[in-house]
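J.: Here is the input, now give the coordinates:
(one chain, ligands or ions: 3)
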Amino acid sequence: MRIVDLRNREYQTNEELIKLIKRSEMEIEQYETAVKDIIKNVKEKGDEALIDYTELFDKVKLSSPEELVITFDELEKAYDQLDDDTKWALEVALERVKSFHEAQIERSYLLEEEGMLLGQKVIPMERVGLYVPGGKAAYPSTVIMNAAPAKVAGVKEMVMCSPNPNKYTLAAAFLCGVDTVYRIGGAQAIAAMAYGTETVKKVDKIVGPGNIFVALAKKNVYGIVDIDSIAGPSEILVIADETANPEWVAADLLSQAEHDELAASILVTTSEDLAIDVKNILYNVLLKDFEREEIARKSLDNYGHIFIVDDLDTACEVSNFIAPEHLEIITKSPFDLLEKIKHAGAIFLGEYSTEPLGDYILGPNHVLPTGRSARFSSPLGVYDFIKRSSIIYVSREGFDRVEKYARQIATAEGLYAHRLSVEVRKRSS
Ligand SMILES: NC(=O)c1ccc[n+]([C@@H]2O[C@H](COP(=O)([O-])OP(=O)(O)OC[C@H]3O[C@@H](n4cnc5c(N)ncnc54)[C@H](O)[C@@H]3O)[C@@H](O)[C@H]2O)c1
Ligand SMILES: N[C@H](CO)Cc1c[nH]c[nH+]1
Ligand SMILES: [Zn+2]
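T.: Ligands and ions are numbered 1, 2, ... in the order given. All right, here's what the predicted structure looks like:
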């Protein structure tokens, strides 16, 4: 495999590539230390720590723990304040996301065998925590992406945390029927939902995306609660050939760069001309007079890459290695590459399937694994909000069919009380 970037550096191996794309261990360690400290403080000081962090990071001064909670009236008022077009757009999005996720519903089942009924009962989670980011932008769309699959799964209670949420985020929470909303963000919100405080309810599972502090905090509380995936700073990788429109590709790369200085936007192309055009358009046209220039420029300078490869097979190999959150394939025959893609949070095929449509309105979830975790994680879905219990019924007849095998295996394991449980029943015949 031969990979050349725009500065004519050559990468021979995946290891060289990973060094380039990975945030340095030292960088991550700094964030880890800060996050662990925040979690410890919230565990020890509860609401007091939440009030302090909210002032420090979100510049919101609260005079009492009650103010951490946003009342139902505030949510309703926020919704009423929206103009009709925005209300309608959010409603259409909610309906589309819900109906896409309905296909993920998993049913309980019972298998009947001679003398036995064996099955699985699907049970929705009782209380889940939704994280909705709010530092560098507001994310009403993420309220929908979190809440819609939870509702479809039948979750009883939804708790939501977001730093300094604006009227759009609050209106979306109202529309989605979120039960309790707290104005708390970052690692402190994750710690509060995992451990509970005097005011914040402890949940069974925390889902939703966020910046590096949120993503690392979720990783840290995993085990105390369940989490969905590591859905951290956004990523996009575009595989494109000479048929791609450079302006469209550049716009799509910028769409994720504007989320966060730590976002990653990568183009892998077989066309050197396209590579040069995309770079020029990005830096000499789109970034000029761009409202979110500061964030996007830092992201592109540090984590933006353009790789030129010999063929589309190599492009797929690079993409599989990076395992991006979003993969766009803008080539002459995008479906031809689909079977070669092994790791990606969401795969967008063809030039009109632009990533931002997926962020807002199509239906598939936009809460997606990042940082190469698409190798083992999936998009947020109904399956994240359910758990399963096995159901077991055995009659005397069923018992007689299998008891000797159980006794045999119990003997092999040296677990005599296990064997006894079977023997006492056998003797009763
Ligand atoms: N992967 C996905 O599915 C997905 C979806 C949507 C958004 N995102 C990502 O979510 C993120 C949103 O980030 P954001 O910053 O706008 O909002 P955010 O809510 O995730 O983070 C804001 C919080 O970060 C904390 N914070 C900021 N600076 C800190 C510091 N120096 N020390 C400790 N804590 C600090 C504060 O508590 C603040 O409330 C972006 O990275 C975006 O790319 C990812
Ligand atoms: N692209 C983000 C996921 O990485 C989701 C989002 C919400 N709003 C805009 N974009
Ligand atoms: Zn986005």
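J.: which stretches of this protein have low pLDDT?
T.: Scanning the chain for pLDDT under 70 picks out 1, 22-25, 429.
J.: Spell out which residues make up each domain of it.
T.: Domain assignment for the chain, taken from automatic domain parsing, gives 28-229+382-386, 233-375, 395-427.
J.: Among those domains, which comes closest to ligand 1?
T.: Relative to ligand 1, the nearest member of the domains of the chain by C-beta to the nearest ligand atom is domain 28-229+382-386, separated by 2.1 Å. For every residue, glycine as well, the C-beta is placed using N, CA and C.
J.: Following element in sequence after the helix or strand hosting Lys279, please.
T.: Taking DSSP states H and E as the definition, Lys279 sits inside helix 272-280. Taking DSSP H and E as the definition, the helix or strand that follows helix 272-280 towards the C-terminus is helix 293-303.
J.: For that following helix, buried residues please.
T.: Residues of helix 293-303 classed as buried under the neighbour-count rule (16 or more other C-beta atoms under 10 Å) are Ile295, Ala296, Arg297, Lys298, Ser299, Leu300, Tyr303.
J.: OK, contacts around the fifth one?
T.: Counting by C-beta atoms under 8 Å, 6 or more residues apart in numbering, Ser299 makes contact with Gln256, Ala257, Glu258, His259, Asp260, Glu261, Leu262, Ala263, Ala264, Ser265.
J.: still on that earlier bit, and the helix holding Lys279, what other elements does it pack with?
T.: The criterion is 3 or more C-beta pairs under 8 Å, 6 or more residues apart in numbering; DSSP states H and E, and the helices and strands that helix 272-280 contacts are helix 246-257, strand 264-269, strand 305-309.
J.: how far off strand 305-309 does that helix point, in degrees?
T.: Using axes from the mean of the first three to the mean of the last three C-alpha atoms, to 10 degrees, one finds that helix 272-280 and strand 305-309 are set 180 degrees apart in direction.
J.: Report the angle between helix 272-280 and helix 293-303.
T.: Using the same axes, to 10 degrees, the direction of helix 272-280 lies 140 degrees away from that of helix 293-303.
J.: which SSE is Glu351 in?
T.: Taking DSSP H and E as the criterion, Glu351 maps to no regular element, lying outside all helices and strands.
J.: Tell me which residues are up against the helix or strand encompassing Lys404.
T.: Of the helices and strands defined by DSSP H and E, Lys404 is found in helix 396-413. The set of residues external to helix 396-413 that reach it, using C-beta under 8 Å, 6+ apart, is 113-116, 394, 416, 418-419, 422-423, 425-426, 429.
J.: what comes up buried for whatever helix or strand comes next after that helix?
T.: Moving toward the C-terminus from helix 396-413, the next helix or strand (DSSP H and E) is helix 416-427. Applying a neighbour-count criterion of 16+ other C-beta under 10 Å, one finds Arg419, Val422 buried in helix 416-427.
J.: switch to numbering from 42
T.: Noted, 42 is the first residue going forward, which turns the last one into helix 457-468.
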